[in-house]
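# any chance you can model this:
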Amino acid sequence: MRRSASSQARILVADQTTSSTVTVSIDADSFASRNMMRDSVVRSAALLDTAAYPDIKFSSHSLRSDADGWLLSGDVTAHGTSVPTEVVIVQVTHEPDGIRVHAHVQRMDRYAFGVTRSKGFVGRYLHLTFDIFAIPV
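Numbering: from 1, shown residues only. Reported below is the predicted structural model:
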């Protein structure tokens, strides 16, 4: 039985911007590539094993500005393994009800998470894009 897709995020904006933190938890079952057969294989025990590892998590530990914009360094935990990564914050817009953040991870190696099966059928590197809407509380 598949659970309904859910995600949770928390953005704590500090007085000193570089001390701000982000934590995100995404339902691994929500993986979608627009190919139902591929998605079924990716969610199966052969790859993500969403039954055993239902969540993909990101937790930041630093934020800094560089020529590409803001870089959020942290760890992604998937398939029971944590891997350091950087998320590039491309755009932040203020909207009437909150803040929209558009960000991406340029290249994430699934082999680093121990997800090595189905070579040739499923790509080794993932390019992730995030469009997040945050509501102040």
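# ok, L72 - how many residues close by?
21 (other Cβ atoms under 10 Å). Placement of C-beta: from N, CA and C, glycine included.
# who's in contact with it?
Residues near L72 by Cβ atoms under 8 Å, 6 or more residues apart in numbering: 22, 60, 62-63, 86-89, 103.
# how about TSV for these, with pLDDT, neighbour count and distance to H127 added?
Output for these, formatted as TSV (pLDDT from 0 to 100; neighbours: other Cβ atoms under 10 Å; distance: Cβ to Cβ, whole Å):
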residue	pLDDT	neighbour count	distance to H127
V22	86	22	19
S60	91	18	19
S62	90	13	22
L63	91	20	21
E86	90	15	13
V87	89	23	12
V88	88	15	11
I89	88	19	16
A103	84	20	12
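# what are the buried residues along stretch 51-61?
Going by neighbour count (16 or more other Cβ atoms under 10 Å), the buried part of stretch 51-61 is 53, 55-58, 60.
# no, scratch that, I was asking about stretch 74-82
74, 76-79.
# nearest to Q8, of those?
Nearest to Q8 among these: T77, at 13.9 Å, using Cβ to Cβ.
# quick check: the closest one is in a helix.
No: read with DSSP: H, G, I helix; E, B strand; the rest coil, T77 is strand and lies in no helix.
# which neighbours does the helix or strand hosting I11 have in its sheet, and in what orientation?
Assessed by DSSP states H and E, I11 sits inside strand 7-12. Sheet pairing of strand 7-12 (DSSP bridges) gives strand 21-27 (antiparallel).
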